[in-house]
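S.K.: Got a predicted structure plus its sequence, pasted below:
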Amino acid sequence: MSQSPVEAAAVSAVNNRTIPPLILHPFATVGGPDKLVESSRASLMLQGLLPSGDRSIEDLDRTLIEGRYSEVVMLFYVGKDLLRWTDQCLEYIGRDQGLRQKNIRYQSFAALLANPTPAAVQKKLRRWGVADYRSIFTRALGLNAVFAGPPDRASLSDEFVRNYHRYADELFAFRQNQAAFSRSRI
């Protein structure tokens, strides 16, 4: 991850007041983008959609898992940025008596990012090569509901790493359903 933050956007206004800008650090993966490409290819080979040549199922699975672990770490750091922004927004809301009564919670800001992702944020992510904005944000927030720090590979089962996206999606949905919140565009 780069040390200098990149301002993605101030994604909303609350009663004509600008909320803090969403700052996303450019993210890199463990092992670089080539690891993610190889992981995607291995997944397609395991599904029989690409020829595997002389690569064994074990080798393909290991490549898949290495790439997925890189994704988990990358999403963990994106989630940290999102949580920092959410905390800043909630602090802002907390200073205004009128806004405190509007049922605006963590879940309100998580929904704001994911349903749909604001255009300015989409633009920034497209420049970074990200196409599925909603999944990036929901999975990053889901993983950060569980991990306080980037997880060591040895502490995660192959099953979790292989299917982390399903677990992260469920974790996000679970957290969103924990409290009633304002679903308006804040």
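M.R.: Arrived safely, thanks for sending. In this text the structure is predicted, and so the values were computed from the model without any measurement.

S.K.: In contact with the residue nearest the centre of the chain, which residues are there?
M.R.: Centroid-nearest residue in the chain, with CA atoms, centre = their mean: A140, separated by 2.5 Å. By CB atoms under 8 Å, 6 or more residues apart in numbering, the contact list for A140 reads L75, F76, V78, G79, L82, A168. Any C-beta I mention is one placed from the backbone N, CA and C, and that applies to glycine too.

S.K.: can we see that at 6 Å?
M.R.: By CB atoms under 6 Å, 6 or more residues apart in numbering, the contact set of A140 is L75, V78, G79, L82.

S.K.: cool, A179 as well?
M.R.: If a contact means CB under 6 Å, 6+ apart, then A179 has R105, Q107 as its contacts.

S.K.: Mind pulling up the pLDDT for the residue nearest to the centre of the chain?
M.R.: With respect to pLDDT, A140 has a value of 96.

S.K.: Phi first, then psi, for the residue of the chain positioned farthest from its centre.
M.R.: Outermost residue of the chain with respect to the C-alpha centroid, by CA atoms, centre = their mean, is D54; its distance is 34.8 Å. When read as degrees, to the nearest 10, the backbone of D54 gives phi -100, psi 10.

S.K.: Can you give me the distance of it to R62?
M.R.: 15 Å (CB to CB, to the nearest Å).

S.K.: How about G67: what's its closest non-neighbour residue?
M.R.: Spatial nearest neighbour of G67, excluding adjacent residues (CB to CB, 6 or more residues apart in numbering): S39 at 2.0 Å.

S.K.: Work out the gap between the longest helix along the chain and the centre of the chain.
M.R.: Counting by DSSP state H, the longest helix found in the chain is helix 57-94. Taking CA atoms, centre = their mean, to the nearest Å, one finds helix 57-94 lying 5 Å from the centre of the chain it belongs to.

S.K.: what is the mean pLDDT for that helix?
M.R.: For helix 57-94, mean pLDDT is 92.

S.K.: in that helix, what counts as buried?
M.R.: 60, 63-83, 85-86, 88-90, 92-93 (16 or more other CB atoms under 10 Å).

S.K.: mind checking the SS state of S43?
M.R.: Of the three states, S43 takes helix under DSSP: H, G, I helix; E, B strand; the rest coil.

S.K.: which residues does it contact?
M.R.: S43 makes contact with L64 under the criterion CB under 6 Å, 6+ apart.

S.K.: repeat that for 10 Å
M.R.: Residues near S43 by CB atoms under 10 Å, 6 or more residues apart in numbering: L49, L50, L60, D61, T63, L64, G67, R68, R162.

S.K.: Give me the buried positions along the helix or strand the residue nearest to G67 falls within.
M.R.: Assigned by DSSP states H and E, S39 falls within helix 33-46. Residues of helix 33-46 classed as buried: K35, L36, E38, S39, R41, A42, S43, M45, L46 (neighbour count, 16+ other CB under 10 Å).
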